[in-house]
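Chemist: task: produce atomic coordinates for the following.
(one chain, ligands or ions: 2)
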Amino acid sequence: MIEFYGRGLLLDIEGTTASVAFVYDVMFPFVRRELDAYLESAWGTPELELVLRYIAQDAGSDSFAEWTQDDATEEAKRQRVSAEMTRLMDDDVKATGLKQLQGLIWKAGFDSGELVAAVFDDVPDALERWNAAGKDVRIYSSGSVAAQKMFFEHTNHGNLLPMFQGHYDTTTGPKKEAQSYRTIAGDFDFEPSQILFLSDVVAELDAAREAGMRTGLCYRPGNAPVENANGHTAIESFDQISIG
Ligand SMILES: CSCCC(=O)C(=O)COP(=O)(O)O
Ligand SMILES: [Mg+2]
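Modeler: Ligands and ions are numbered 1, 2, ... in the order given. From the prediction side, this is the model:
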């Protein structure tokens, strides 16, 4: 049980509000299926060009032009992007460029109704309770802000997006670095100690605690086993959070 009298809650997505299996077994396969067709249809658009810059940076280059300088044709450049995205997904690397691109690709799935985000059943009631109590509830996920918004707008419990007052992704900073949580606390305009961060990843919770936030470790069905909780209080459901 976590007793929390602070003002804000910051939530992770995968392994915390939704299952790892949903992301791996439903959302990633959608991207793999649509990746090449999406790259071909969106090639040259400003929104994809922005993402290609992130992808090149993640790969250690200053620009997309530099990263693809050995590719003679646009098709060869697309193939490089496709191969790199597939490699990152295979290794589950939460790289900013991949996550931004996934967000662009998932849009069609959420718009058509093929993708419906499966959040854990205790999540909607908890969000209602926290909002009714005047708490400021926000999301911090490796998934892009655009993807987060589509995700919560289209869930198995309806549109949960209005429950959130803010969204952060890795463009704010890496999830395992304390500075990211200081930046987010500044954006809440609260002292970090007024914010409870919930995640399935101990290294993320360590970083949040270093920044001064309260923390809770989520044990959800299908999460990777945690060998050492490192002092973070564990919960299996948001029902185990008592607010005051
Ligand atoms: C709408 S977010 C999709 C899930 C995802 O791709 C992801 O990487 C989530 O990671 P998290 O930081 O929420 O554990
Ligand atoms: Mg997570």
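Chemist: find the closest residue to ligand 1 in the chain.
Modeler: Going by CB to the nearest ligand atom, ligand 1 is nearest to Gly143 of the chain, at 2.1 Å. (Glycine included, C-beta is placed from N, CA and C.)
Chemist: quick check: phi and psi on that residue?
Modeler: When quoted as degrees, to the nearest 10, the phi and psi of Gly143 stand at phi -60, psi 140.
Chemist: which residues in this structure form strands?
Modeler: For the chain, the strands defined by DSSP state E occupy 2-4, 8-11, 136-140, 166-168, 195-199, 214-218, 233-235, 241-243.
Chemist: quick one on the thing from earlier: let me see the contact set for the residue of the chain closest to ligand 1.
Modeler: The contact partners of Gly143, taken as CB atoms under 8 Å, 6 or more residues apart in numbering, are 13-14, 99, 102-103, 151, 169.
Chemist: ranking those residues by neighbours, who comes first?
Modeler: Phe151 (28 neighbours; other CB atoms under 10 Å).
Chemist: grab the nearest non-local neighbour of it.
Modeler: Excluding its sequence neighbours, the residue lying closest to Phe151 (CB to CB, 6 or more residues apart in numbering) is Ala117, at 4.5 Å.
Chemist: burial count for the one you found?
Modeler: The burial count for Ala117: 24, using other CB under 10 Å.
Chemist: going forward, begin numbering at 508 instead of 1
Modeler: Shifting the count to begin at 508 puts that one at Ala624.
Chemist: who is it paired with across the strands?
Modeler: On the basis of DSSP bridges, Ala624 is bridged to Thr662.
Chemist: so it touches Phe659, yeah?
Modeler: Yes - if you go by CB atoms under 8 Å, Ala624 and Phe659 touch, sitting 6.9 Å apart.
Chemist: as a markdown table, the strands of the chain with mean pLDDT and distance to Asp578 would be great.
Modeler: Compiled in a markdown table, those are given as follows (pLDDT from 0 to 100; distance: least, CB to CB, whole Å):
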| stretch | mean pLDDT | distance to Asp578 |
| --- | --- | --- |
| strand 509-511 | 95 | 51 |
| strand 515-518 | 98 | 40 |
| strand 643-647 | 98 | 35 |
| strand 673-675 | 98 | 34 |
| strand 702-706 | 98 | 38 |
| strand 721-725 | 98 | 42 |
| strand 740-742 | 97 | 48 |
| strand 748-750 | 95 | 50 |
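Chemist: just put the ones you listed in a markdown table and tack on mean neighbour count and distance to ligand 1.
Modeler: Shown next, in a markdown table, are those (neighbours: other CB atoms under 10 Å; distance: least, CB to the nearest ligand atom, whole Å):
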| stretch | mean neighbour count | distance to ligand 1 |
| --- | --- | --- |
| strand 509-511 | 15 | 19 |
| strand 515-518 | 24 | 9 |
| strand 643-647 | 22 | 7 |
| strand 673-675 | 18 | 10 |
| strand 702-706 | 26 | 7 |
| strand 721-725 | 23 | 10 |
| strand 740-742 | 15 | 16 |
| strand 748-750 | 16 | 18 |
